[in-house]
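> Kindly generate the corresponding structure for this input.
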Amino acid sequence: MRAPIGAARAGVLKVMFPAENLRDWSGQKVIDPDGDKVGELEAVYVDTSTDQPAFVTVKVGMLGKRLVFVPVDGATVSPNAVRVRYPKKLIHEAPSIDTDGELTGAEEPKVFAHYDLPYTATSVGERRLGRR
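Residues are numbered from 1 along each chain as shown. Next up is the predicted model:
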């Protein structure tokens, strides 16, 4: 049996739960494993072959004008944040789009490669990620 996921800070255990219904978390803050704020959750991208959440976009930067892609595998939620398993520095260096931009098919493999995740399209020209 697995113990609840939690983070101890100043002697307090904060219980985290597996992230479900990520679309409901739009606008909430996203934090890294150390509890550092990364940005604000903007949208969910699903794997088109399974229709399951694969990445979220997070608004980053001083004015939140840039969206970076972050894998959701292993993400957890607390009452006021979504915690991802990647460090803030790695996330801020991830491929990004403008807040009104779109991820192109040519850029998809770069998003996966940044996090050392395997990328296989089911057929030539088919997209692996779809925004929901």
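
> what residue ranges in this protein score low on pLDDT?
Low-confidence regions of the chain, defined by pLDDT under 70, span residues 1-23, 64, 122-125.

> quick one: the helices in it?
88-92, 108-114 (DSSP state H).

> Which of the residues in the shortest one are classified as buried?
Taking 16 or more other Cβ atoms under 10 Å as the basis for neighbour counts, the residues of helix 88-92 that come out buried are 88, 91-92. Every residue, glycine included, has its C-beta placed from N, CA and C.

> rewinding a little: Throw the helices of the chain into a markdown table and include distance to residue 33, thanks.
Output for those, formatted as a markdown table (distance: least, Cβ to Cβ, whole Å):
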| stretch | distance to residue 33 |
| --- | --- |
| helix 88-92 | 9 |
| helix 108-114 | 17 |
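
> returning to what we had before: what is the nearest of the buried residues of helix 88-92 to residue 45?
Using Cβ to Cβ, residue 91 comes nearest to residue 45 of the buried residues of helix 88-92, at 14.7 Å.
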